[in-house]
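J.: my questions are about this predicted structure, shown below with the sequence.
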Amino acid sequence: TRSLIVTGVQTCALPISPSICAGSSAILSATNSGGTPAYSFTFVNGPASFSSTVTESISGIHVYTVLSSDANNCPSSATVALNVIANPILVVPGISICPTTPALFTATGATSYTWLPTTAASSVTASAASTTASITFSDNPLSNTQYTLIGSDLGCSSSTTTSVFIYTSPVPIISSNSPKCEGSNAQISVSGGTAAVWSGPNIFSSAALSSTISNLSLVNAGLYSTTITSINGCTASATTSFVVSPTPTLSAAGSTICTTQTMALFANSLAGSAYQWFGLNNYTSLLQNPTLANPSLNRTGSYTVLVTAPTSCTNTAVAQVSVTSPPSLSIALSSNSLCAQAFNGSPNTITLTSSGANSYTLYTPNLMGSSTPVAPSASLFATPPFSNTLAAGIATLQGSNGVCTSTSSFVFTVVPRSEERRVGKECLR
């Protein structure tokens with residue numbers, strides 16, 4: 001009596017014995033006990049020897065039979081079942097990310113994993129509860145990178161590669177019409193992306209690529225920031241400074257003058273500013289403080305000055321001009337002569353009546369007086385010491401309408417007391 005034992009040498013030690021991973025090799029060998037040596041061996045579906053190396057790529061149970069005979073041609077046989085275990089099928093899709101964004105991979109198909117290269121954040125072995133569970137791995141690559149993933153299950157392993165593609169960052173290009181003057185409109189825009197978010201001074205915010213800020217004030221000046229988003233979802237930020245130039249200060253004044261005087265206009269603003277005046281009867285001037293001699297009455301009215309500051313910002317102001325004619329004086333005398341002294345009722349005064357002005361001033365010659373020198377009606381008389389000779393006097397009346405003045409002179413005669421008596425209004429001795 002003899003026995004034949006066939007054993008399989010496995011390359012992977014698993015609870016099921018003998019077993020190998022698909023694509024691996026197993027050494028099958030046979031030994032005899034009993035009988036009469038020498039022995040011969042023949043493997044059914046195998047080599048005709050006591051030892052054989054088999055390679056199986058298809059998973060499942062593969063049965064091998066060996067036939068043996070001893071020196072007396074007594075036969076015996078034995079069988080062995082070889083368990084071929086399927087290698088895990090790894091699934092790990094490639095991904096695309098934005099720069100500086102972590103790359104996060106999800107893998108399935110095995111129960112333990114090793115991530116290569118070792119620069120990956122999860123390069124150590126990680127385990128999953130089953131081949132249907134997923135495991136995530138992350139890395140922060142600076143450029144397009146290929147990775148290798150090794151997965152194991154039931155003692156068998158396989159590998160696969162996956163890649164990360166890094167999108168190009170969008171490049172924001174900001175444009176604006178800065179600087180702008182206070183009260184005007186600002187235009188600010190950005191290109192390089194498909195969407196944008198803006199923030200800026202005075203609680204400014206916008207979700208448009210291009211924005212308009214109307215009626216600018218000084219609080220709108222400052223730093224504007226934008227973050228753009230590309231078609232791939234990547235973002236980039238940029239800032240720009242917007243300048244708001246203030247409206248130049250401006251003061252303007254006109255004048256109230258006579259037609260015989262000089263009209264003057266006055267303006268004052270920032271140093272280095274330019275001026276332009278506009279007024280009645282097509283009046284224009286590029287002077288800061290222009291003048292016009294002997295203006296006509298139709299120059300009365302409003303004059304506008306436009307100032308342009310060194311920042312190109314402008315402002316306007318209005319000045320008033322009033323042109324008045326001098327008063328036209330009218331003088332009436334009660335007599336062209338008077339007696340130096342009132343002897344025996346002699347007339348020693350001349351009454352002056354005037355018109356054409358609002359106020360009057362009478363200027364009399366030496367040794368003459370007036371009872372009301374600033375009234376429209378005045379009396380002229382001689383004052384001591386009285387002359388003994390016939391004398392002619394000249395008096396001047398000045399009239400004003402509040403703006404302009406006019407003067408008019410008149411001649412009268414003072415009769416001394418030494419004259420002979422006359423008829424009528426004579427002076428008496």
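T.: Perfect, thanks for sending it.
J.: how long is stretch 64-77 from one end to the other?
T.: 11 Å (CA to CA, to the nearest Å).
J.: assess the claim that G254 and G301 are in contact.
T.: No. Between G254 and G301 there is no contact under CB atoms under 8 Å: 9.2 Å. Placement of C-beta: from N, CA and C, glycine included.
J.: more neighbours, the two?
T.: Using other CB atoms under 10 Å, the more surrounded residue of G254 and G301 is G254, with 19 against 14.
J.: what are the phi and psi values at that one?
T.: phi -110, psi -150 (degrees, to the nearest 10).
J.: touching both of G254 and G301, which residues are there?
T.: Q320, V321 (CB atoms under 8 Å, 6 or more residues apart in numbering).
J.: so the residue of the chain most remote from its centre: helix, strand or coil?
T.: Ranked by distance from the centre of the chain (CA atoms, centre = their mean), the top residue is N72, with 106.8 Å. When classified by DSSP: H, G, I helix; E, B strand; the rest coil, N72 comes out as coil.
J.: quick check: closest non-adjacent residue to it.
T.: T36 (5.2 Å; CB to CB, 6 or more residues apart in numbering).
J.: pretty sure the one you found contacts A71?
T.: Yes. Applying CB under 8 Å, one finds T36 in contact with A71, separated by 4.3 Å.
J.: quick one on the thing from earlier: who are the contact partners of the residue nearest to N72?
T.: D70, A71, N72, C74 are the contacts of T36 under CB under 8 Å, 6+ apart.
J.: among the residues you listed, name the buried ones.
T.: Buried subset of the contacts of T36 (neighbour count, 16 or more other CB atoms under 10 Å): D70.
J.: list just the nearest of the contacts of T36 to T372.
T.: T372 has its nearest neighbour among the contacts of T36 in D70, at 176.5 Å by CB to CB.
J.: what are the phi and psi angles of that closest one?
T.: phi -100, psi -160.
J.: any idea how far the nearest residue to it once chain neighbours are set aside lies from S69?
T.: Of all residues not flanking D70 in the chain, G35 sits nearest, at 3.5 Å (CB to CB, 6+ apart). Per CB to CB, to the nearest Å, G35 is found 8 Å from S69.
J.: intersection of neighbour lists for those two?
T.: Listed as contacting both G35 and S69 by CB under 8 Å, 6+ apart are S76.
J.: give me the buried positions along stretch 20-29.
T.: Going by 16+ other CB under 10 Å, stretch 20-29 has these buried residues: I20, C21, A22, S24, A26, L28, S29.
J.: equivalent analysis for stretch 58-78, please.
T.: In stretch 58-78, counting by 16+ other CB under 10 Å, buried: S59, H62, Y64, V66, L67, S68, S69, D70, S76, A78.
J.: report the two of the residues you listed separated the most.
T.: S59 and D70 (36.8 Å).
J.: contacts only, for the residue lying closest to A253 once chain neighbours are set aside.
T.: Nearest residue to A253 in three dimensions, chain neighbours excluded: F266, at 4.4 Å (CB to CB, 6+ apart). By CB under 8 Å, 6+ apart, the contact list for F266 reads A252, A253, G254, N289, A319.
J.: pLDDT below threshold where in the stretch 51-200 of the chain?
T.: By pLDDT under 70, the low-scoring segments of the stretch 51-200 of the chain are 51, 118-132.
J.: now which of the contacts of F266 would you call buried?
T.: Applying 16+ other CB under 10 Å to the contacts of F266 flags A252, A253, G254, A319 as buried.
J.: farthest pair within the residues you listed?
T.: A252 and G254 (7.6 Å).
J.: what residues are shared contacts of those two?
T.: With CB under 8 Å, 6+ apart as the test, A252 and G254 both reach L265, F266, Y303, A319.
J.: the first one: neighbour count?
T.: Put plainly, it is L265. L265 - counted by other CB under 10 Å - has 23 other residues nearby.
J.: what sits against it?
T.: So L265 contacts 252-255, 277, 285, 289-291, 303, 305, 319, 321 (CB under 8 Å, 6+ apart).
J.: tell me the one among those residues nearest to A195.
T.: V305 (48.0 Å).
J.: and that closest one, that one's in a strand?
T.: Yes. The assignment for V305 by three-state DSSP puts it in a strand.
J.: which residues does it contact?
T.: With contacts defined as CB under 8 Å, 6+ apart, V305 is in contact with L250, A252, L265, A267, Y275, Q276, W277, F278, T316, A317, V318, A319.
J.: quickly list what it is bridged to.
T.: Beta bridges link V305 to W277, A317 when assigned by DSSP bridges.
J.: gap between the nearest residue to G23 once chain neighbours are set aside and Y167?
T.: Leaving aside its chain neighbours, G23 sits nearest to S57 (5.0 Å; criterion: CB to CB, 6+ apart). Separation of S57 from Y167 (CB to CB): 41 Å.
J.: cool, and V323?
T.: Relative to Y167, and taking CB to CB, V323 is found at 77 Å.
J.: more neighbours, these two?
T.: V323 (22 against 15).
J.: who's that one bridged to?
T.: Under the criterion used (DSSP bridges), V323 bridges to I257.
J.: so what's it up against?
T.: I257, C258, T259, M263, P295, S296, L297, N298, R299, T300.
J.: what about 6 Å?
T.: Taking CB atoms under 6 Å, 6 or more residues apart in numbering, we find V323 in contact with T259, P295, L297, R299, T300.
J.: among those, which two are most distant?
T.: Spanning the widest gap among the contacts of V323 are T259 and T300, at 10.3 Å by CB to CB.
J.: doesn't A22 make contact with S59?
T.: Yes. Using CB atoms under 6 Å, S59 is in contact with A22, at 5.0 Å.
J.: which residues are common contacts for the two?
T.: Contacts common to S59 and A22, judged by CB under 6 Å, 6+ apart, are V84, A86.
J.: and stretch 133-143, what's buried?
T.: So for stretch 133-143, counting by 16+ other CB under 10 Å, buried means I135, F137, D139, P141.
J.: before we move on, which element is the last one in?
T.: Just to be clear, that refers to P141. Assigned by DSSP states H and E, P141 belongs to neither a helix nor a strand.
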